[in-house]
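1. quick one, fold the following:
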Amino acid sequence: MKRRSLSDRTFCLVAAVLFPAIALSSCSGGKDSGMSVSASLLAELSGMASQGKVAYAHQDDLVYGHSWVVTDIDVDPIDRSDIKSVCGDYPYMVGFDLGGIELGDDSNLDGVPFNLMRKAALAHISRGGAVTFSWHLQIGRAHV
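-> As a prediction, the model looks like this:
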């Protein structure tokens with residue numbers, strides 16, 4: 001796994017904090033509609049609930065599955081999903097873990113490259129889905 005310099009690590013930490021805000025600001029709602037992103041999301045989820053719909057979420061859904069994995073980030077259309085293959089549609093929400101970014105790693109603790117994570121998140125948002133980010137810090141891991 002490639003290690004980056006301290007300045008690159010600082011950039012990654014800043015990017016990890018700013019990226020979710022940037023990604024979420026591209027969701028429907030936000031400044032153009034006069035609603036905050038959280039209010040827009042709450043309204044959408046409330047609407048689903050009132051119609052008896054269920055919003056399903058799946059971690060790393062767009063980057064690997066039962067018998068496949070995205071290998072060429074630049075050309076993959078990010079359109080595969082085990083949930084879609086079984087249910088006919090993507091999950092409403094997908095999640096990604098940022099663990100490892102604080103150390104300057106190129107991939108998270110599950111081996112998902114951060115640049116793939118960004119591409120998958122933006123693709124899912126463009127389809128009308130929601131994206132979550134968790135961050136399991138690698139506290140105590142040696143900085144080699």
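2. let me know how buried the closest residue to residue 45 other than its chain neighbours is, in neighbour terms.
-> Take residue 45 and drop its neighbours on the chain: the residue closest to it by CB to CB, 6 or more residues apart in numbering is residue 55, 6.2 Å away. C-beta here means a position set from N, CA and C on the backbone, and glycine is covered the same way. Residues near residue 55, counting by other CB atoms under 10 Å, number 13.
3. in this structure residue 55 contacts residue 89, no?
-> No. Between residue 55 and residue 89 there is no contact under CB atoms under 8 Å: 11.4 Å.
4. residues shared between the contacts of the two?
-> The contact sets of residue 55 and residue 89 do not overlap (CB atoms under 8 Å, 6 or more residues apart in numbering).
5. show me where the chain has its strands.
-> Under the criterion DSSP state E, the chain contains strands at 57-59, 93-97, 130-134.
6. can you give me the helices for this structure?
-> Secondary structure of the chain (DSSP state H): helices at 6-25, 37-50, 82-87, 114-126.
7. hang on, the earlier thing: ok, which of the strands of the chain comes nearest residue 120?
-> strand 93-97 (7.1 Å; CB to CB).
8. give the pairing partners of the closest one; include direction for each.
-> The strands that strand 93-97 pairs with in its sheet are strand 57-59 (parallel), strand 130-134 (parallel) (by DSSP bridges).
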